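A.B. asks: Predicted model, plus sequence, below.
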Amino acid sequence: MTRISILGSTGSIGTQALDLVSRHPDRYQVTALTAYAQADRLFEQVRRFRPQMAGLVKPIDPADIPQDLSFCHFEMGEKALHTAATLETDQVLVSIVGIAGLKSVMDALDAGQQVLLANKEALVTGGHLVMDKAKAIGKPILPVDSEHSAIFQCLQAAGPNRPVRLLLTASGGPFRNWPLEKMEKATCQEALQHPNWSMGAKITIDSASMFNKALEIMEARWLFDMTEDRIRVLIHPQSVVHSAVEFEDGAVIAQMGVPDMRVPIGYAMSFPGRLESGARPLDLFSTGPLTFEESDPVRFPALRLGRECLRAGGNACTILNGANEAANEAFRENRIPFGGITRTVEETLQRLGTGPADTLEDIFEADRQARLCASDIIAEAKKKS
Ligand code: NDP
Ligand code: MG
């Protein structure tokens with residue numbers, strides 16, 4: 001029996017991880033589950049998977065916990081995340097969204113846990129601290145993000161050879177072919193129509209703006225210790241090749257499959273083995289041609305901004321991430337147009353410059369400054385319009 005704790009169990013990744021658990025009740029047992037505010041959904045999961053502990057970050061009245069769940073220890077607030085991350089178990093899947101995941105990843109590593117990582121923002125903001133800690137405890141981070149899982153799978157065939165380049169694929173999102181003027185006015189509904197993947201709202205908007213791919217270059221930089229100039233992005237609208245690695249002899253190894261997150265989640269859960277995941281088999285006869293193109297730097301400046309931040313070092317990636325989280329939310333709340341997301345991030349980076357990111361405190365402070373600055377920029381833009 002493998003014991004697993006899932007932080008962010010009510011989200012898109014969390015529920016798919018639980019789907020895998022329910023497909024393999026003989027192999028997995030749930031230790032802890034956490035949600036932010038979806039109490040009813042969490043209660044249902046507790047009823048079904050019977051964890052020892054469950055946490056809700058947004059507190060509710062303990063009297064509102066259903067009587068039949070008394071076998072489970074409930075905690076409320078931020079401390080619930082700490083308990084869930086550190087409770088003795090075999091695997092901790094961090095599938096919280098946003099920089100909120102960084103603290104939990106560090107808590108889990110401090111407790112010597114094996115981390116399965118969906119929360120890319122933890123590596124974007126605290127990549128050096130996370131990777132150093134994982135190395136120190138001798139438990140490498142197992143990636144869940146599909147591109148990084150693909151690269152990780154390809155590297156299993158690398159032996160002692162280091163790749164010369166990572167080829168990170170991207171679907172291009174719903175606006176891949178939209179002219180700039182049309183993108184500027186795109187609605188949230190339109191941005192949420194991802195052509196291939198079904199995901200949480202924040203990452204779906206990030207996919208439309210391409211900030212998701214900027215964050216993924218940063219994630220790959222830390223996971224695979226590669227400088228940004230060795231990480232290429234290929235727009236691949238069919239989402240069949242999930243990413244690839246290139247070696248010095250010219251050989252390229254790619255990982256393919258249908259776009260179903262249960263494959264990379266299951267790989268992290270069963271590594272170095274594999275798990276029946278419920279995903280359809282890939283039928284290469286029906287996929288049609290597989291195409292690859294460059295991303296348009298004019299319509300999608302996010303990749304350039306991401307690369308500039310990686311080269312600048314320090315807290316630059318944290319500032320990009322914080323400004324993007326604030327702008328992404330403002331767009332979802334209809335406070336800025338789609339084009340305002342990139343403008344807000346770029347302007348925040350210009351106003352704040354770069355500072356140190358040596359400690360978790362430095363990183364959380366940079367995040368706070370980035371959000372404040374982005375909010376000012378959003379308010380100023382609203383006044384002007
Ligand atoms: P969702 O928004 O669907 O789910 C987020 C989960 O985290 C929910 O359980 C939510 O609880 C909880 N949560 C939200 N805010 C906080 C907070 N401040 N503190 C603690 N818990 C919180 O996100 P996704 O599942 O789509 O994404 C999760 C992570 O995985 C992201 O970092 C994303 O980039 C990454 N990822 C996701 C992919 C996908 O296919 N979805 C693919 C690759 C990476 P509640 O439900 O109560 O709000
Ligand atoms: Mg991805």
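C.D. replies: Structure received. Numbering: from 1, shown residues only. Ligands and ions are numbered 1, 2, ... in the order given.
A.B. asks: residue at max distance from the center of the protein?
C.D. replies: Largest separation from the mean C-alpha position in the chain: Gln67, at 34.7 Å (Cα atoms, centre = their mean).
A.B. asks: Skip the chain neighbours and tell me the closest residue to the residue of the stretch 51-200 of the chain found nearest ligand 2.
C.D. replies: Proximity of the stretch 51-200 of the chain to ligand 2 (Cβ to the ion) peaks at Asp145, 4.3 Å away. C-beta here means a position set from N, CA and C on the backbone, and glycine is covered the same way. Using Cβ to Cβ, 6 or more residues apart in numbering and skipping the chain neighbours, the partner closest in space to Asp145 is Lys120 (5.6 Å).
A.B. asks: distance of that neighbour from Ala251?
C.D. replies: Lys120 sits at a distance of 28 Å from Ala251 (criterion: Cβ to Cβ, to the nearest Å).
A.B. asks: For this protein, what lies in contact range of ligand 1?
C.D. replies: Counting by Cβ under 6 Å from any ligand atom, the residues of the chain close to ligand 1 are 8-14, 35-38, 57, 95-97, 100, 118-121, 145, 197, 199-200, 202-203, 261.
A.B. asks: Only the buried residues of stretch 121-137, if you could.
C.D. replies: 121-127, 129-131, 133-134 (16 or more other Cβ atoms under 10 Å).
A.B. asks: in this protein, which helix has the most residues?
C.D. replies: Looking across the chain with DSSP state H, the single longest helix is helix 360-384.
A.B. asks: who touches that one?
C.D. replies: 99, 102-103, 106, 125-126, 129, 315, 318-323, 325-327, 330, 335-336, 340, 343-345, 347-348, 351-352, 355-357 (Cβ atoms under 8 Å, 6 or more residues apart in numbering).
A.B. asks: List the ones among those that fall in strands.
C.D. replies: Nothing among the contacts of helix 360-384 maps onto strands, per DSSP state E.
A.B. asks: who touches Leu69 in this structure?
C.D. replies: With Cβ under 8 Å, 6+ apart, Leu69 has these contacts: 43, 46-47, 54.
A.B. asks: Show me the two of the residues you listed that sit farthest apart.
C.D. replies: Greatest spacing in those, by Cβ to Cβ: Arg47 and Ala54 (10.4 Å).
A.B. asks: Which of the two has more residues huddled nearby?
C.D. replies: Ala54 (26 against 13; other Cβ atoms under 10 Å).
A.B. asks: Contact partners for the closest residue to ligand 1 within the chain?
C.D. replies: The minimum distance from the chain to ligand 1, using Cβ to the nearest ligand atom, falls at Gly11 (1.9 Å). With contact taken as Cβ under 8 Å, 6+ apart, Gly11 is in contact with 95-97, 200.
A.B. asks: quick one: the strands in the protein?
C.D. replies: Under DSSP E, the chain gives strands at 2-7, 28-35, 53-56, 73-76, 91-94, 115-117, 142-143, 165-170, 231-235, 241-246, 252-256.
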